[in-house]
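J.: Turn this into a structure:
(chains A, B and C)
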Amino acid sequence: MLAYIIRRVAQSVLVLLVVGLVAFAMFRFVGDPVDAMLGQERTQADIARLTAELGLDQPFPVQYWRFLEQAVQGNFGLSYRQGRPVSEILVERLPATLELAFVSGLMALAGGIALGIFTAIWRRGISANIIMTVSLIGVSLPTFLIGILLIYLFSVELGWLPSFGRGEVTRIGWWTTGFLTESGLKALILPAITLGLYQMTLIMRLVRTEMLEVLRMEYIRFARARGIREKSINFRHALKNTLVPVITITGLQLGSIIAFAIITETVFQWPGVGLLFINAIQFVDIPVMAAYLMLISVMFVGINLIVDMLYFAIDPRLRVDRTAGGH
Amino acid sequence: MTETRIETPAAPRPSRPRRVWESDFIWSFRHSPVAVVSFVVVLLMMLGALFAPLIAPHDPFNPATLNLMNGFTPPGEANQFTGEFFVLGTDDQGRDVFSTILFGMRISLFVGLSAVFLAMLIGVTVGLMAGYLGGWTETLIMRLADVQLTFPAILVAMLIFGIAKGITPPEHRDAMAIWVLILAIGLSDWVQFARVVRGATLVEKNKEYVQAARLIGRTPFSIMLRHILPNVLNPVLVIATISLALAIIAEATLSFLGVGAPPTKPSLGTLIRIGQEFMFSGEWWILFFPAATLLALALSINLLGDWLRDALNPRLR
Amino acid sequence: MKTTLLLTAALLAGTTLSASAETLRWARAGDSLTFDPHAQNEGPTHALAHQIYEPLIIRDMTGAFEAALATDWAPKEGDPNVWVFNLRQGVTFHDGADFTAEDVVFSINRAQSEQSRMKELLSSVVEVRAVDDHTVEFVTDGPNPILPSNLTNMFMMDSGWAEANGVVEVQDVDGGETTFATTNANGTGAFKVVSREPDVKTVLTRNDAYWGMDQFPMEVSEIVYTPIQNAATRVAALLSGEVDFIQDMPVQDLQRVSGTDGLVVKTAPQNRTIFFGLNQGPDDIPNDNVEGKNPLADVRVREAMNLAINRDAIRQVVMRGQSQPAGIIAPPFVNGWTEEMNQVETDIDKAKALMEEAGYGDGFSIQLDCPNDRYVNDEGICQAAVGMFGQIGITVNLDAKPKAQHFPLISSGGTDFYMLGWGVPTYDSEYIFNFLVHTRGEERGSWNGTGYSNPDLDAKIASLASETDLDKRNATIAEIWNTVQDEVLYLPIHHQVLNWGMKENVGIEVSPEDDPKVKYFTMK
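T.: Numbers count the residues shown, from 1 in each chain, chains lettered A, B, ... in the order given. Okay, here's the model as predicted:
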């Protein structure tokens, strides 16, 4: 057990190193921070001086090593754009993204499970088929378009919900929350729907498939044969067995929710890390981009690791073979 | 699953087309109106994309033929300056929307199909290798898959786009954009194939017929290709179909983030990105027609994928 | 801890003031980069700083000089190398300290220091000295007639506050430094900082001790400033009434906004000209398909390209009427601009004939580099131009990208054909010549990506700085412009037009610098 965990952690660290390398490599190609940082009145001498100051004239491995050295200490340097420590900016922005991810994840989970059960039980019914088809519309349009359409409908035409930002936030320690004010809650609705729609469809389909599989299992047939009521079969037996893979997948999807928040946050001017990342790309703010990618990687690798360990704890046989495919 | 029919020597063996027509697979298709309609839609769109240069009334990719003054012509009306007429109107550059959709679909479908093919090729190959060979090959591949999964698809695509753009000589960048998109989307999508194929291979490789093939001295390569591959094709096909829809949407998303097809050679996604700028200004057709086309295309492919999944999964019948 | 307090204050302020009609909720595409007034020289940064800090002289909303912290200024009698500024009396900083000549000396020295981004504007200043508490003298290295126009964004800080908070040095943006002055500010301006979250929200409140309380409308009691990047979201926020005032209005939404009850759009020409640059210096260029020759080096080709651009069509369709076709790369406000040079002509036949004459009758192909997030409809203009050049046989491959990737190409010489826009904060042609016409070198010509080098012209440009005879100076400016126009150094497209969208009750006119100064706003 311990050996396995150590090996798995070592692998995770390796993964992070590779991710860091790839992420860092990209930034050599996205643009020139020197030019973005210097204003209209700048001379060739300014350019040379700044390049040297930022260490951009160093060989690539040196730059990468310096980056890693600092990253391990949680120090991602200073944002070229804001001139503040990146870690400070991330901490400031993270609550917005996590709250959005949490709400949309919750929405996706609740909605997905409910609809999944419904469509599985009445799988030949008309309404179930309509739900299945309509849910596909949500994944057949790009997220940004859905977001803009929602803004158009609910903010501009109906005037019900805000079109941008987090509303009023309350500060609790270093965390800021939009859960405690009316405007904060209202501001959450549209972005959460935009972000959660795709995951909801995914979960709904997964629940439906799993339910259908479970409902065909022998013991359910026995239960039916024994005359146990249909409702009890559906909820006590079938659903319970469905939930384990569903929750696993949802956990694994948390990473992509946070990543897809990039688009939602851009459309809704949601002040989270995704918007920070997009701003950083436009401004070629290398430290912020690198830190963001590392943050996402750490989260995702962490989630992966925890899921793996849980599997290991539950059933050692499963430790190699974890093919919980999303489709 | 289809070879259980008992053949009686007395009855004449039906012709091959007839046998195909009557197979379970086709039967299920013929009796699913959703599948038939989706299939027809996808087929029509593919044909439209393929023959776009013949069907389209204008060539939107040749800027020298465009007249800027045709810009913002509403559908079904004559332009106020030039008097020219366009079925679905024109966009901000005076391009015929109908023609740009046909040509845009061509790019979207080309990118989507090529990306999925690439993902499938990589995923199936490494999946087979991981599942069959096991050992360090498997560890390496599956850890690589973890790295890949660490980066959500759009981030991978942005990474690759950024790197490729940096190393491509400027004079080739225009043509390169499409290939970079294919590479970016394809590389971000192989893990699914690899995981499913590996899982299926693990199951198949312990079956008697594979053991037997090994005993008679077949090489691992030949066993993978001739025995295991055919048995994992069904899930691969389902994933490929759904991936196609995802790839087309991914291209659209990337173009919103500014890394998609160039505006002079727009894909459906680029058209939508351009169109959304005119949502409040009343030029609805610049957004509506490309968006409706993309929706119809992706929805049909998704529905087909749905049907395929059920049709190819005998347990669900 | 400090930010916590500020934020709590902001929350309290928010609850009491959100219902108040005098709150101005202001949105634009980008945020200010820092509060340190000398750390950046950038539009949105200065625009926000103008609410908090003040220079000696400002430009009012029409672009004309107006006395701010100086009441009057003139060259010293008998010494043309000295400017004398008389300072306003009784002005205090937000923290209560008095504004004196000592603060001016401190601020100018600070703005001249190594890490300052404002130092180029003060390069002619040798010394600043306080004559008495309310008189300051600027000593320049030669007569400098345009010094006042270099001071309109030169903000004054309190020396005592800077010393107390360790911000005597300018924030070293290059070194990635952050200081107390990055997120805190203590100016003499009409508004005080309540809270600041970069890229999210900045709240300012009226400075009731402001010296100009009676001179300006001062009707806004609170400013909530929010950057909203996505154009559609920004417009949606105005349409749905969530903000009162937006800058960076997309031209296609002007009608929708002005057609909405309670909203108006105001328009004015901006101090910025958009144009194409052509790499005409080298004998051969990499981004075309002509081997061994540089087609752009031939003035006939450049003239043909100039004739191929249909500026009226771009204005009408791409810009929806929101631009002014340009024949010269200087906005009309600028000293040296003439109506005659601004004339434009489109003549495809003549252009084709010129191409034929130059030996490019079959055309050639070249890459055009264009930003897609910098100027109004930049990408659309480039796309339209691609079609127009196509008509005279030039196949143009368009490569549009974010500004952070576009501008380095110009400075590194990685582009042969590019779009650029230029604003002239000094309202004088010399500024344009220094950056765009002079041979590229250490001190001047850093934005000249054309490879053009003319020693004669360089000498004339250098002479402008110290020429005191204004007539003579203007004659030299005219000569330089004549050469620039004859050589078709650049292909001008248009002068940009600014649009601000606002609620009907907001009363303000658009300033050519795109910097709303809220003290001028009225709120009905």
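
J.: Does C:Leu296 touch C:Asp283 like I think?
T.: No: at 10.9 Å, C:Leu296 and C:Asp283 do not qualify as touching, with contact defined as C-beta atoms under 8 Å. Quick note: C-beta positions are derived from backbone N, CA and C, even for glycine.

J.: C:Ile329 contacts C:Phe275, doesn't it?
T.: Yes: between C:Ile329 and C:Phe275 there is a contact under C-beta under 8 Å: 4.8 Å.

J.: neighbour count winner among those two?
T.: C:Ile329 (30 against 20; other C-beta atoms under 10 Å in any protein chain shown).

J.: give the contact list for C:Gln383.
T.: B:63, B:93, B:263-264, C:398 (C-beta atoms under 8 Å, 6 or more residues apart in numbering or on different chains).

J.: Recalculate using a threshold of 10 Å.
T.: B:63, B:66, B:68, B:92-93, B:95, B:262-264, B:274, C:318, C:368, C:370, C:377, C:396, C:398, C:400 (C-beta atoms under 10 Å, 6 or more residues apart in numbering or on different chains).

J.: more neighbours, C:Leu296 and C:Asp283?
T.: More neighbours surround C:Leu296 than the other of C:Leu296 and C:Asp283, with 25 against 8 (other C-beta under 10 Å).

J.: how many other residues sit next to whichever residue of the stretch 151-300 of chain A sits closest to chain B?
T.: Closest to chain B within the stretch 151-300 of chain A is A:Ala259: 3.4 Å, counting by C-beta to the nearest C-beta. Around A:Ala259 there are 24 other residues, counting by other C-beta under 10 Å.

J.: pretty sure it contacts A:Ile278?
T.: No: under the criterion of C-beta atoms under 10 Å, A:Ala259 makes no contact with A:Ile278, lying 12.0 Å away.

J.: Give me the common contacts of these two.
T.: Common neighbours of A:Ala259 and A:Ile278 (C-beta under 10 Å, 6+ apart) are A:Tyr292.

J.: so is the nearest residue to C:Thr439 once chain neighbours are set aside in a helix, a strand, or just coil?
T.: Counting by C-beta to C-beta, 6 or more residues apart in numbering or on different chains, C:Thr439 lies nearest to C:Ser453, which is 4.0 Å off, once chain neighbours are set aside. For C:Ser453, the assignment made with DSSP: H, G, I helix; E, B strand; the rest coil gives coil.

J.: how many other residues sit next to C:Ser453?
T.: With other C-beta under 10 Å as criterion, C:Ser453 counts 14.

J.: Now do whichever strand or helix holds A:Glu88: distance to the chain's middle.
T.: For A:Glu88, the enclosing helix or strand under DSSP states H and E is helix A:86-121. In terms of C-alpha atoms, centre = their mean, to the nearest Å, the centre of helix A:86-121 is set 8 Å apart from its chain centre.

J.: which of the residues in the helix or strand just after that helix are buried?
T.: Using DSSP H and E, the helix or strand that follows helix A:86-121 towards the C-terminus is helix A:126-139. Within helix A:126-139, the residues scored as buried using 16 or more other C-beta atoms under 10 Å in any protein chain shown are A:128, A:131-132, A:135-136, A:138-139.

J.: and the angle for helix A:126-139 with helix A:86-121?
T.: Angle, helix A:126-139 to helix A:86-121, by axes from the mean of the first three to the mean of the last three C-alpha atoms, to 10 degrees: 160 degrees.

J.: Below-threshold pLDDT in chain C: ranges please.
T.: C:1-21, C:173-177, C:404, C:442-443 (pLDDT under 70).

J.: Would you pull up the residue in it closest to chain B?
T.: C:Gly390 (2.8 Å).

J.: I figured that residue hits B:Leu68, correct?
T.: No: using C-beta under 10 Å, C:Gly390 makes no contact with B:Leu68, being 11.4 Å away.

J.: neighbour count winner among these two?
T.: Using other C-beta under 10 Å, the more surrounded residue of C:Gly390 and B:Leu68 is B:Leu68, with 24 against 18.

J.: Check whether the lengthiest helix in chain B comes into contact with chain C.
T.: Secondary structure assigned by DSSP state H gives helix B:97-133 as the longest helix of chain B. No: Helix B:97-133 lies apart from chain C when judged by C-beta under 10 Å from any C-beta of the partner chain; the minimum separation is 12.4 Å.

J.: Determine how far that helix lies from the middle of the whole chain.
T.: 5 Å.

J.: quick one: buried residues of that helix?
T.: Going by 16+ other C-beta under 10 Å, helix B:97-133 has these buried residues: B:97-120, B:122-132.

J.: Relative to the whole chain's centre, how far out is the helix or strand following it?
T.: With elements assigned by DSSP H and E, the helix or strand that comes after helix B:97-133 is helix B:135-150. Computed by C-alpha atoms, centre = their mean, the chain-centroid distance of helix B:135-150 equals 25 Å.

J.: State the mean pLDDT of helix B:135-150.
T.: The average of the pLDDT scores along helix B:135-150 is 77.

J.: and it with helix B:97-133, angle?
T.: Going by the same axes, to 10 degrees, helix B:135-150 makes 150 degrees with helix B:97-133.

J.: So stretch A:177-196, near chain B or not?
T.: No: Stretch A:177-196 does not reach chain B (C-beta under 10 Å from any C-beta); its nearest approach is 12.3 Å.

J.: Just the C-alphas of that stretch, formatted as CSV.
T.: In CSV, the C-alpha atoms belonging to stretch A:177-196 read as follows (Å, rounded to 0.1, in the frame of the first residue of the first chain):
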residue,chain,number,x,y,z
THR,A,177,-18.2,35.2,-1.3
GLY,A,178,-21.2,36.2,-3.3
PHE,A,179,-23.5,33.8,-1.5
LEU,A,180,-24.5,36.3,1.2
THR,A,181,-26.0,39.1,-0.9
GLU,A,182,-28.9,39.1,-3.2
SER,A,183,-27.0,40.7,-6.0
GLY,A,184,-24.2,38.1,-5.5
LEU,A,185,-26.6,35.2,-5.8
LYS,A,186,-28.4,36.7,-8.8
ALA,A,187,-25.0,37.3,-10.5
LEU,A,188,-24.2,33.6,-10.1
ILE,A,189,-27.2,32.3,-12.0
LEU,A,190,-26.4,32.9,-15.7
PRO,A,191,-22.7,32.0,-15.5
ALA,A,192,-23.5,28.9,-13.5
ILE,A,193,-26.0,27.7,-16.1
THR,A,194,-23.6,28.5,-19.0
LEU,A,195,-20.8,26.6,-17.3
GLY,A,196,-22.8,23.7,-15.9
